[in-house]
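*Asks:* Below are the sequence and a predicted model; questions follow.
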Amino acid sequence: MDLKKFLPGRDEKEEKEYFWSLIIEPGWVAAGIWTIEEDRAQVVFASSPVAWELDEELVNAADSALSSAIQEFPEDLVEPSKTVFGVNSGWVSEGEIKEEYLGKIKRLCGELSLTPIGFVVLPEAVAHLIKSEEGSPLNAVVIGVYKETVEISVFKLGNLTGVTEVARSVSLADDVVEGITRFAGTDPIPSRFLIY
């Protein structure tokens, strides 16, 4: 039995710890505030995506996204600082963020007073979400659509079997077909497609 529940003046809100999510995609950045409830991450507030193109614009775009997400956050709670970053597959090599992108994250943390606690690769986060919601490993092609590229990730039994990136053309369908053909010679491609 947790006796703390019966102490006077104890507020349920004080016990929860809140975290930032900062999703950095090519051309877009979005923010969210989340907490852990019943052993599951629960998004409490989220921003709309904010556009950025040049590295110099990333800090301002991230600041706008964070400001948008925090607007409805109760003033009596401590604003989060711990941050989990969401990045595309091109930012990661051998389980680590590549040096050229790590500098961007360090700059964001320094200028926006964020404390980095980890990162997730967006297609892998999608696969994990589907597994937690459906109860079985993902068998699908996960497609990240960006301004200038399309990122195609193939998952079989929850395992990432391959990733490719295709430059955007006039036809998104043709871009996906081109990406899928890069997996030719492997096992059959899953018939389920998820787009984010």
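*Replies:* Thanks, I have the structure now.
*Asks:* centroid residue for the chain?
*Replies:* Gly86 (3.1 Å; C-alpha atoms, centre = their mean).
*Asks:* Poorly predicted segments of this protein, please.
*Replies:* 1-15, 186 (pLDDT under 70).
*Asks:* Leaving out the residues flanking it, which one is nearest to the residue nearest to the centre of the chain?
*Replies:* Ile23 (3.8 Å; C-beta to C-beta, 6 or more residues apart in numbering). All C-beta atoms are positioned from the backbone trio N, CA, C, and that covers glycine.
*Asks:* who's in contact with the one you found?
*Replies:* Applying C-beta atoms under 8 Å, 6 or more residues apart in numbering, we find Ile23 in contact with 29-32, 85-87, 122.
*Asks:* can you rerun that using 7 Å?
*Replies:* Ile23 makes contact with 29-30, 86, according to C-beta atoms under 7 Å, 6 or more residues apart in numbering.
*Asks:* One more: Val150?
*Replies:* Val150 is in contact with 143, 166, 168, 172, 175-176, 179, counting by C-beta under 7 Å, 6+ apart.
*Asks:* do that again at 6 Å, thanks
*Replies:* Residues in contact with Val150 (C-beta atoms under 6 Å, 6 or more residues apart in numbering) are 166, 175.
*Asks:* ditto for Ser191
*Replies:* Counting by C-beta under 6 Å, 6+ apart, Ser191 makes contact with nothing.
*Asks:* ok, back up a step: let me know the helix or strand that the residue nearest to the centre of the chain is in.
*Replies:* Using DSSP states H and E, the element containing Gly86 is strand 82-87.
*Asks:* What distance do you get for Val43 to Ala62?
*Replies:* 17 Å (C-beta to C-beta, to the nearest Å).
*Asks:* unless I'm mixing things up, the residue nearest to the centre of the chain is touching Pro123, no?
*Replies:* No. The criterion here is C-beta atoms under 6 Å, and Gly86 misses it with Pro123 at 10.4 Å.
*Asks:* Give me the buried positions along the helix ranked longest in the chain.
*Replies:* Assignment by DSSP state H gives helix 55-70 as the longest helix of the chain. Neighbour counts using 16 or more other C-beta atoms under 10 Å place 58-59, 61-66, 68-70 of helix 55-70 among the buried residues.
*Asks:* just those now: which is nearest Ile130?
*Replies:* Ala69 (23.9 Å; C-beta to C-beta).
*Asks:* Next one: the closest one from Leu194, what distance?
*Replies:* For Ala69, the distance to Leu194 equals 24 Å [C-beta to C-beta].
*Asks:* Could you do Pro137 as well?
*Replies:* Relative to Leu194, Pro137 is positioned 14 Å away (C-beta to C-beta).
*Asks:* Those two: which is more packed in?
*Replies:* More crowded of Pro137 and Leu194, by other C-beta atoms under 10 Å: Leu194, with 18 against 15.
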